[in-house]
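Asker: Give me the fold of what follows.
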Amino acid sequence: MRFKCDDLKERWPEYIYRELPEHEQSLFVHHLDECEDCRAEERQWRGMLSEFDSIVLFDDSMEAPTELLYRVKRQIRFYEEWSKKQKQSMRKWIIGAAAACALIIFGLWGAYQNQLDARLSAKENSTFQPIKASIIDSIYDPDIVIQYHEHEILQKPKKVDASVDEKEKEPTEENK
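Answerer: The predicted structure is shown next:
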């Protein structure tokens, strides 16, 4: 969309005092870059408005016109609404970013713990693997234990009677 000369006619004060929305202000500027007649009209408006501003400075009544008060209050209200929306948007963004960071940190911590556990178990397995393969597996394999008992390589533990042990400790007549 582009502005035409007719679009600017009654909007000069809003443009000069920067009361237009930003996109309209930029369209105004682009039109002025292209149109010499409108640049001349802008100079006239700026001169006239600066005279009005100087008259107001020397006016002893110091009462602002109602239209000016309305415009200032309107700009303040627009700014406050915009600022409130920006703060709400920023809060939501910050909360979302904090939650994402927390998830990433916990995910990385969990991955680190899994990696550490895998390294420790691999180290234990590699250290005891030869021993386990040769001795431990053969001792604790139930089939091999049965064969050891059959060939009397392993003897079943004898049940020891406590009273017999005490009698052996006491001197007998034969020992005397």
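Asker: Mind giving me the packing neighbours of the strand or helix carrying residue 147?
Answerer: Assigned by DSSP states H and E, residue 147 belongs to helix 142-150. Helix 142-150 sits against no helix or strand, with contacts defined as 3 or more Cβ pairs under 8 Å, 6 or more residues apart in numbering; DSSP states H and E. C-beta here means a position set from N, CA and C on the backbone, and glycine is covered the same way.
Asker: quick one: average confidence on it?
Answerer: Regarding helix 142-150, the rounded mean pLDDT is 72.
Asker: change the start of the numbering to 29 and stick with it
Answerer: Yes, from this point I'll number from 29; that puts the last item at helix 170-178.
Asker: Check which residues of that helix are buried.
Answerer: The neighbour-count check on helix 170-178 (16 or more other Cβ atoms under 10 Å) flags nothing as buried.
Asker: ok, which stretches of the protein are helices?
Answerer: Ranges of helices within the chain are 33-36, 40-44, 50-62, 64-86, 94-159, 165-168, 170-178, 190-197, based on DSSP state H.
Asker: So which of the ones you listed is the most surrounded?
Answerer: The highest mean neighbour count among the helices of the chain, using mean count of other Cβ atoms under 10 Å, belongs to helix 40-44: a mean of 16.
Asker: And for it, what's in contact with it?
Answerer: Applying Cβ atoms under 8 Å, 6 or more residues apart in numbering, the contact partners of helix 40-44 are 36, 47, 48, 53, 56, 69, 70, 73, 74, 77.
Asker: Make a markdown table from the residues you listed and add distance to residue 124 to it.
Answerer: Formatted as a markdown table, the contacts of helix 40-44 follow (distance: Cβ to Cβ, whole Å):
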| residue | distance to residue 124 |
| --- | --- |
| 36 | 43 |
| 47 | 35 |
| 48 | 34 |
| 53 | 32 |
| 56 | 37 |
| 69 | 49 |
| 70 | 45 |
| 73 | 47 |
| 74 | 46 |
| 77 | 46 |
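Asker: Farthest pair within those residues?
Answerer: Based on Cβ to Cβ, the longest span within those runs between 47 and 69 and measures 17.8 Å.
Asker: Using PDB, write out every CA atom in the helix holding residue 175.
Answerer: Taking Å, rounded to 0.1, in the frame of the first residue of the first chain, the C-alpha atoms of helix 170-178 are listed here in PDB:
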ATOM      1  CA  PRO A 170      24.600 -76.500  39.600                       C
ATOM      2  CA  ASP A 171      25.500 -79.300  37.100                       C
ATOM      3  CA  ILE A 172      29.200 -79.000  37.800                       C
ATOM      4  CA  VAL A 173      28.600 -78.900  41.600                       C
ATOM      5  CA  ILE A 174      26.700 -82.200  41.400                       C
ATOM      6  CA  GLN A 175      29.500 -83.800  39.400                       C
ATOM      7  CA  TYR A 176      32.000 -82.600  42.000                       C
ATOM      8  CA  HIS A 177      29.900 -84.200  44.700                       C
ATOM      9  CA  GLU A 178      29.600 -87.400  42.700                       C
END
